[in-house]
Every structure is written in C-alpha cells, then in structure tokens.
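*Asks:* A predicted structure for the sequence below; I have some questions about it.
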Amino acid sequence: MLLGLSTGNAVGLAVIAGIFVVFALASALVIPRRWPDFPGKNLRWFIVATLVLFVATLAAVEVFAKEPKEEATAGETTTEPAPTTTQATQPPPPPAGDAAAGKAVFNAQACGSCHAFSAAASSGSVGPDLDEALQGKDAAFIHESVVDPNKVVAAGYPPSVMPGNFGETLTPTELDDLVAFLQSS
C-alpha cells in the first residue's frame, strides 16, 4: 500500500508511525532498565501518552493513506465523467486489427495468466474475467483499458495491478490486433 501513496503522504505516515514505535520500544526496553518501578506513580501520564500516540497513528492513517474519491458507475470505478449523449449515440468503429494476430499477442503477453477469457481458453483470476468485463464495450474503451488500465478499474479489483506500459511495449499494430481479438468475443 505504501507504494501507492504520494511521497509526502508516505513520509507523513512514516514519521507518525516511527514516533509511536520509538515510544513503544523506549517504554518497553530502555526506560524500565533505568527506572525499574516504571511507570509507577506516573501510570496515568503513561496511559495518556500511549492513547494520544495511538489516536495520532490512527488519524495519520486516515489522513495520509486515504484513497482518492472516484465516481462509480455500473459496477466500475472511473476517474472520468460519463460520456455525453453525442458520444453514446455514435456507433462504435469496427476493430482495426486482425483478431487472429491479436490472440497471438494475448498469449505472448501472458494476459491469460491474470485474466479469464474463453476465446483464449484462459482462466486467470488476478484480474477481471474479460468475457464479463468487456461485454458491450467498444474498441476505444478496450484500447484505453489496455494502455491506461487505471483509468477505469473493474469493481472489486484494486488499481495499479495491471502493468500500465503496454502502450509503449506493444506496437500500434499489435495493440489494434489485441483490441480486435478482445472485442471479437
């Protein structure tokens, strides 16, 4: 989870957690050696300090580890507005690529190790089932889901799991072929 946080949020969370850990270690290992009757008469202050640091740690997690709000529509999480009526009424363009060549790209990129897709006889479960997730989707949506997988994330799946570099590692022809294959089923 820490990898998904911005640098400032990760530092803030680490500082608060570090203070709590140092306090816990010092009060458990260092202070009792020096003052064997610790906390003794200062039990109330020790409990108050422990509770304050505990609440501060919980508050830091709530503030620094908060995920950005995203608009949910039809079982998906998206960060872009819904299409306007002019966009929704235009018929989708036909796939530009070769579906047979797209199957080869799908297999070469090991997409089936993460996604179930009947046309490829794959049963991966790390990512969404493509037979369901792509049903009724047009080529533009599928293309964007391959090159920018975090733009629309299927419900029930975390962002940043699918590699986001297919736009650079696949040629435009390979992308068109892959989209044609994914859309053909």
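*Replies:* Structure received. Numbering: from 1, shown residues only.

*Asks:* residues of the lengthiest helix in the chain that come out buried?
*Replies:* As assigned by DSSP state H, the longest helix anywhere in the chain is helix 43-64. Neighbour-count burial for helix 43-64, counted by 16 or more other Cβ atoms under 10 Å, picks out 53, 57, 60, 64. Glycine gets a C-beta too; all of them are placed from N, C-alpha and C.

*Asks:* Quick check: the farthest pair among those residues?
*Replies:* 53 and 64 (15.6 Å; Cβ to Cβ).

*Asks:* and residue 173, that's in a helix?
*Replies:* Yes - secondary structure of residue 173 (DSSP: H, G, I helix; E, B strand; the rest coil): part of a helix.

*Asks:* List the contacts of it.
*Replies:* 97, 101 (Cβ atoms under 8 Å, 6 or more residues apart in numbering).

*Asks:* Just the helices from this structure, written as ranges.
*Replies:* Going by DSSP H, the chain shows helices at 7-25, 31-34, 43-64, 85-89, 99-108, 130-133, 139-147, 166-169, 172-184.

*Asks:* okay, the angle between the longest helix of the chain and helix 7-25?
*Replies:* With axes from the mean of the first three to the mean of the last three Cα atoms, to 10 degrees defining the directions, helix 43-64 sits at 160 degrees from helix 7-25.

*Asks:* tell me, how many neighbours does residue 128 end up with?
*Replies:* By the measure other Cβ atoms under 10 Å, the count of residues near residue 128 is 22.

*Asks:* Make 12 the starting number, not 1.
*Replies:* Taking 12 as the first residue, the last one we looked at is residue 139.

*Asks:* Please name the nearest non-neighbouring residue to it.
*Replies:* Once flanking residues are discounted, residue 139 sits nearest to residue 165: 4.0 Å by Cβ to Cβ, 6 or more residues apart in numbering.

*Asks:* what pairs with that neighbour across the strands?
*Replies:* Under DSSP bridges, the beta-bridge partners of residue 165 are residue 87.

*Asks:* what about it, how many neighbours?
*Replies:* Residue 165: 18 neighbours (other Cβ under 10 Å).
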